[in-house]
Structure formats: C-alpha cells, structure tokens
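Participant: Got a predicted model here, sequence first, then my questions.
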Amino acid sequence: MRSWKMILWVFLAALAIIQFFRPARNVAGASPDGHISKAYAVPADVEAILQKACYDCHSNNTVYPWYANIQPVAWWLAAHIKDGKRHLNFDEFLAYPVSRQYRKLEETAEMVNEGEMPLSSYTIVHTSAKLNVAERKMISDWCGNIRKEMQSAYPPDSLIAKKKQ
C-alpha cells in the first residue's frame, strides 16, 4: 500500500512540474500578406466555414480551448497544429508555388467531401466545426472555382508539380 502512495505522489509531482513547460502558441495576429484571400475571392459564407472548421489547425492563428493550458495536452495540440500547418496553411498559401496551391485546393475539396476534414478528433470537442452536406459542397465548389480561375490565369504546365529527378 505504501508503494502505491509513493507512486501516486511521484506522478502528481511530475504532473505539477510539467505545467511549467509550455509550447509556443500559434497566434500571429492580423491576416498576413500571404493569406489566400489576398489573391482569391473568399465569400463571407466560405470564410465563416473556414473560420469554424479549418483555421485552428491550418492558419497562424489558433483559438485555443480551455484544456490547451494543461500539460501534456498542450504539447499534443501544438504537435497537431504544427502538422496541420505543414500540410496546409491558409495564412501562407500565396507563398506556395502555383502548382502546390492548385494541388492543395484539390486536396482540400477531396478531403472535405470525403469527411476526412475536419478531423473527428477535433469535431468531438468542437461540435460546431462539423460540416453538413451544404457546407461541404460550398467548400468544394469554392475550391473548384479557384482552380478554374487558376486554369485560365496560368499555363497548364505550371499547375502540375514537376517530377524530381
């Protein structure tokens, strides 16, 4: 019985100590020059969907939930956000080569249509981020419209990523 108490005290002490080691927050402030809306039209209804379902993981501004202040949850969230931004960052979208922008729009439409985004691990807690059929179609159509815009603005070979040799 005494060893269990000791293990519990060590665990509680470790839990208290790790609270002092916090990851950096993903909060940049104002919308940067590289934001997708600086080059492509983002209708208000689409922006609202992106805000509620995408930007927490795919922009430089995360609205953190209360549990983000508790370690080790904050570390997990920081890693998750970093990974999301690695795949797609709407705040740095214009820094991507045109071929990557084109591909990311296709992937976004596909993942939203297939229900892969937003992640179920996100929508469990953020129930308002669940997208209905109409919202999924709106995002998909928006991505498709931008891709059509790009097809008319750029040479076809510039929209396809070059194979690395």
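Facilitator: That came through, no problem. Residues are numbered from 1 along each chain as shown.

Participant: Report the separation between Gln127 and Met150.
Facilitator: One thing to correct before we go on: residue 127 is Thr, not Gln. For Thr127, the distance to Met150 equals 34 Å [CB to CB, to the nearest Å]. No exception for glycine: its C-beta is placed from N, CA and C like everyone else's.

Participant: Between those two, which has more neighbouring residues?
Facilitator: Set side by side, Thr127 and Met150 show more neighbours around Met150, with 18 against 7, by other CB atoms under 10 Å.

Participant: Looks like the more buried one contacts Tyr102 (just checking).
Facilitator: Yes. Using CB atoms under 8 Å, Met150 is in contact with Tyr102, at 5.5 Å.

Participant: Give me the below-cutoff pLDDT ranges for the protein.
Facilitator: 1, 14-15, 17-18, 23, 25-26, 29-31, 68-69, 163-165 (pLDDT under 70).

Participant: biggest helix in it, by residue count?
Facilitator: In the chain, taking DSSP state H as the definition, the longest helix is helix 133-153.

Participant: Tell me the buried residues in that one?
Facilitator: Across helix 133-153, burial judged by 16 or more other CB atoms under 10 Å covers Glu135, Arg136, Met138, Ile139, Ser140, Trp142, Cys143, Ile146, Arg147, Met150.

Participant: Likewise for stretch 98-106?
Facilitator: Those would be Val98, Ser99, Gln101, Tyr102, Arg103, Lys104, Leu105, for stretch 98-106 by 16+ other CB under 10 Å.

Participant: Pull the contacting residues for the fourth one.
Facilitator: Pointing back at Tyr102 there. Arg147, Met150, Leu159, Ile160 (CB atoms under 8 Å, 6 or more residues apart in numbering).

Participant: okay, these in TSV with distance to Ile81 next?
Facilitator: Listed next are the contacts of Tyr102 as TSV, based on distance: CB to CB, whole Å:
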residue	distance to Ile81
Arg147	26
Met150	27
Leu159	29
Ile160	30
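
Participant: so which of these comes closest to Ala16?
Facilitator: Nearest to Ala16 out of the contacts of Tyr102 is Arg147 (CB to CB; 51.1 Å).

Participant: Isn't that closest one up against Arg103?
Facilitator: No. If you go by CB under 8 Å, Arg147 and Arg103 don't touch, sitting 9.6 Å apart.

Participant: circling back to that earlier point, export the buried residues of stretch 98-106 to JSON lines and append columns for distance to Lys5.
Facilitator: Formatted as JSON lines, the buried residues of stretch 98-106 follow (distance: CB to CB, whole Å):
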{"residue": "Val98", "distance to Lys5": "63"}
{"residue": "Ser99", "distance to Lys5": "61"}
{"residue": "Gln101", "distance to Lys5": "58"}
{"residue": "Tyr102", "distance to Lys5": "61"}
{"residue": "Arg103", "distance to Lys5": "57"}
{"residue": "Lys104", "distance to Lys5": "53"}
{"residue": "Leu105", "distance to Lys5": "57"}
